[in-house]
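In: can you look at this prediction? I've put the sequence above it.
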Amino acid sequence: MQLKLNPHCTHRDIKPLINIAVARSLRELRIEMICESFELPKSFYMFSQLETVILEKVSLEDVPRNAHFPCLKRLHLLSVKFTGDESVKKLLSLCPILEELVVKRSSLTNILTLYVLLHLQTPDSYLPTGTSFVFLDHLELCLCSTEWWNLLTCILVDAPKLRVLKLKLYRKHCVRYNDVMDQWNQPDYVPMCLSSYLEIFEWRQYNGKEKEREVAKYILANASRLKKATFYSESGEKDGILKELEYMARGSTTCKLVFD
C-alpha cells in the first residue's frame, strides 16, 4: 500500500486505512507526505507482518514502548524527522532481522545522521554481544555528514554480513565535506563484512580527495570477496582520478572495476 498525503491529512484519515491493511497481513507500506507530525496507529507497531516500510518526508512521533517489527527486512527512511535520538534508536531496535537500510538526509532531517544508529545494540537474544545489524545485507549511505568517514568505520564493524555498500552525496546536500575531514580511524582489524561478505561497492560523486582515497584504498585492498566496484566522478580531473583507482591494490582477484 502506498499513501501519498498532503498536510491536511490527519491521524483520523490515516488510522482506518492502516488498520485495515495490517489486519489483512500487509507486507509493504510506503508513506510520503509533506513534513507534518502525525501518529501512526498502534496496529502498525504491534501486530505487524510488514516486511518493507518506506517513509518519506515524514515527521514521526515517539514510538510506543511495546512496539515490535518481527518481520521487517527492508526499511527506507527518506528525509524522516524524529523527535530525538532515542526515537531513532527505539525504531531500529524493533527490527531484529533487518537486512536492508536506506537513509537519505535532507534539511528536514534533524536527528538521523546514522552516527547514533550504528551504536545501537539490539536485544541480546537476537545478536551476539558487541554487534549490531547482524542481518544487514544492503546499505545506502549519504555522505552529507561531516563525520561520514568515522560513521563508515562503525558500519563496517557493526554490519558483519553486509553484502552491498553504496556511498552517495545527494546533489541537494552538496557540502564541502572533504575540507573538514580529520584523520580517518580505520578499523583495528579487517571487518568480517570485508573479509567474507561484501560483493558490491558503489561510490557516487567520488572526487579523489585525500580522505576519499584513503577510504577507497582500504576497502579495495581488504574486500576479498568483492565482485564489482563502481565509481562515478564529475571532477574535471576525472581521467587522472580513475587511473589512480585502477592502480590501487585489490584484495579480490575477481573484482571488476567500473568507472563512469
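Out: Received the coordinates, thanks.
In: and the helix or strand Leu17 falls within, average pLDDT?
Out: According to DSSP states H and E, Leu17 maps onto helix 11-23. The predicted model assigns helix 11-23 a mean pLDDT of 83.
In: show me what the helix or strand following it is packed against.
Out: With elements assigned by DSSP H and E, the helix or strand that comes after helix 11-23 is strand 28-33. Contact partners of strand 28-33 among helices and strands, from 3 or more Cβ pairs under 8 Å, 6 or more residues apart in numbering; DSSP states H and E: strand 2-5, strand 52-56. To be clear about C-beta, it is placed using only N, CA and C from the backbone, and glycine gets the same treatment.
In: quick one on the thing from earlier: put the alpha carbons of the helix holding Leu17 into PDB.
Out: Extracted in PDB, the C-alpha atoms of helix 11-23 (Å, rounded to 0.1, in the frame of the first residue of the first chain):
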ATOM      1  CA  HIS A  11      -4.500  10.800  12.200                       C
ATOM      2  CA  ARG A  12      -8.200  10.100  11.700                       C
ATOM      3  CA  ASP A  13      -7.700   9.900   7.900                       C
ATOM      4  CA  ILE A  14      -4.700   7.500   8.100                       C
ATOM      5  CA  LYS A  15      -5.600   5.200  11.000                       C
ATOM      6  CA  PRO A  16      -8.500   3.300   9.400                       C
ATOM      7  CA  LEU A  17      -6.500   2.700   6.200                       C
ATOM      8  CA  ILE A  18      -3.500   1.300   8.000                       C
ATOM      9  CA  ASN A  19      -5.600  -0.700  10.400                       C
ATOM     10  CA  ILE A  20      -7.400  -2.500   7.600                       C
ATOM     11  CA  ALA A  21      -4.200  -3.100   5.700                       C
ATOM     12  CA  VAL A  22      -2.400  -4.500   8.700                       C
ATOM     13  CA  ALA A  23      -5.400  -6.800   9.500                       C
END
